[in-house]
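Visitor: Below are the sequence and a predicted model; questions follow.
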Amino acid sequence: MSTSDFATFAAAYFRDLQARLCAAFEALEPRCRFTARTWSKPAGHRLQGGGDSRLMRGEVFEKVGVNVSHVWGVLAADARGQVSGAQESEGHFTACGISLVAHMVNPYVPAVHMNLRYLCTSRAWFGGGSDLTPTFPFDEDTQEFHAALRAACDAYRPDAYAQFKAWCDRYFYLPHRQEPRGVGGIFFDDLASTDHDADFAFVQGVGEALLGIYPRIVARRKDAPYDTAARERLLLKRGRYVEFNLVYDRGTRFGFSTDADPDAYLMSLPPVVKW
């Protein structure tokens, strides 16, 4: 399968996963539904393709976005050092992926992030991961979330969970605060083994794991009573989230470097936040 054909194939899976995630989240909302917005770049732009951004603001999900994109073109010269193989391909790239970030109304429901992607420059690889960011951590939630990701990793190779969990702990860390962003998960990048199909099956497994576990955690916590102090603590915790995503997050930086769609790659920012 050619690079462009595989990107089309992977993007079809990401769109299907997007639809199922949105349906699962809507099932937890009493009255609200996702709104969809498609975007594309005009003919002649150095970037081609586009995406489907879905956003919901509700009574349970204060803001949740589930975005899919499939783009190709030429990276700006000053951005090629950020992407593996882009210098060798003279900036030519193909990318597709899904990004999910949920910020919750109830302080006892953890925020969640997931990103899965396929990129091709002078080489082809996968990246992504998922992590949980509670304001008030519950051991039950943390353990079940990690168990779901561990199962996806174990189906791929025996040492994957330990490797990708440690990578996540290093990546989702705020050096200037000297604290982790949340309770972790898994993170991987430049994933390109000798078995391309197995690599993509693992990426799919991570998506299915998130779909299986996160709605269960939301259902467990969404109706817990909370007071103003708990809500204030949530808003301050979101400040840390914003700091990470604007300063360190590779996906945000890649979005800016491609000149794709600002609303899509800034979707991760919460609607209300304090410092």
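Guide: Received it, and whenever you're ready, just let me know what you need.

Visitor: which regions of the protein sit below the pLDDT cut-off?
Guide: Applying pLDDT under 70 to the chain flags the ranges 1-4, 254-261, 264-265.

Visitor: Tell me where it has helices.
Guide: 3-26, 139-154, 160-171, 196-221, 228-247, 250-258, 262-265 (DSSP state H).

Visitor: want to try CSV for those helices, with mean neighbour count and distance to Arg177 as columns?
Guide: All C-beta spots, glycine's among them, are computed from the backbone N, C-alpha and C. Listed next are the helices of the chain as CSV, based on neighbours: other Cβ atoms under 10 Å; distance: least, Cβ to Cβ, whole Å:
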stretch, mean neighbour count, distance to Arg177
helix 3-26, 17, 30
helix 139-154, 18, 20
helix 160-171, 18, 15
helix 196-221, 19, 25
helix 228-247, 16, 6
helix 250-258, 18, 18
helix 262-265, 17, 23
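
Visitor: among those helices, which is nearest Val83?
Guide: The minimum distance between Val83 and the helices of the chain falls on helix 250-258, with 7.0 Å, by Cβ to Cβ.

Visitor: so can I have a markdown table of the helices of the chain showing distance to Arg181?
Guide: Output for these, formatted as a markdown table (distance: least, Cβ to Cβ, whole Å):
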| stretch | distance to Arg181 |
| --- | --- |
| helix 3-26 | 21 |
| helix 139-154 | 14 |
| helix 160-171 | 9 |
| helix 196-221 | 17 |
| helix 228-247 | 5 |
| helix 250-258 | 14 |
| helix 262-265 | 18 |
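
Visitor: Compare those and give me the one nearest Ala86.
Guide: Closest approach to Ala86 among the helices of the chain is made by helix 250-258 (9.5 Å; Cβ to Cβ).

Visitor: What's the end-to-end length of stretch 167-182?
Guide: 14 Å (Cα to Cα, to the nearest Å).

Visitor: just use 32 as the starting number from now, easier for me
Guide: Taking 32 as the first residue, the last one we looked at is stretch 198-213.

Visitor: For His134, which non-adjacent residue is closest in space?
Guide: Closest residue in space to His134, ignoring its immediate chain neighbours: Pro301 at 4.3 Å, by Cβ to Cβ, 6 or more residues apart in numbering.

Visitor: Trp103 against Tyr149, yeah?
Guide: No: judged on Cβ atoms under 8 Å, Trp103 makes no contact with Tyr149 at a distance of 11.6 Å.

Visitor: Of those two, give the one with the bigger neighbour count.
Guide: Under the criterion of other Cβ atoms under 10 Å, the comparison of Trp103 against Tyr149 puts Tyr149 first, with 26 against 18.

Visitor: Next up, the contacts around the nearest residue to the more buried one once chain neighbours are set aside.
Guide: Once flanking residues are discounted, Tyr149 sits nearest to Ala41: 4.6 Å by Cβ to Cβ, 6+ apart. Contact analysis of Ala41 by Cβ atoms under 8 Å, 6 or more residues apart in numbering lists 127, 149, 231.

Visitor: Now render those residues as TSV, adding distance to Asp109.
Guide: Formatted as TSV, the contacts of Ala41 follow (distance: Cβ to Cβ, whole Å):
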residue	distance to Asp109
Cys127	23
Tyr149	24
Phe231	31
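
Visitor: about what we covered before: give me the common contacts of Trp103 and Tyr149.
Guide: Joint contacts of Trp103 and Tyr149 (Cβ under 8 Å, 6+ apart) are 38, 126.

Visitor: quick one: the strands in the stretch 82-231 of the chain?
Guide: Listed in chain order, the strands of the stretch 82-231 of the chain (DSSP state E, counting those that start in this stretch) span 92-105, 123-135, 142-151, 155-164, 204-205, 210-211, 215-222.

Visitor: Please tabulate the ones you listed in TSV, including the columns distance to Arg247.
Guide: Formatted as TSV, the strands of the stretch 82-231 of the chain follow (distance: least, Cβ to Cβ, whole Å):
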stretch	distance to Arg247
strand 92-105	15
strand 123-135	14
strand 142-151	12
strand 155-164	13
strand 204-205	27
strand 210-211	23
strand 215-222	15
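
Visitor: Quick one: closest of those strands to Ala186.
Guide: strand 215-222 (12.9 Å).

Visitor: Each with direction, which strands does that closest one pair with?
Guide: If you go by DSSP bridges, strand 215-222 pairs up with strand 155-164 (antiparallel).
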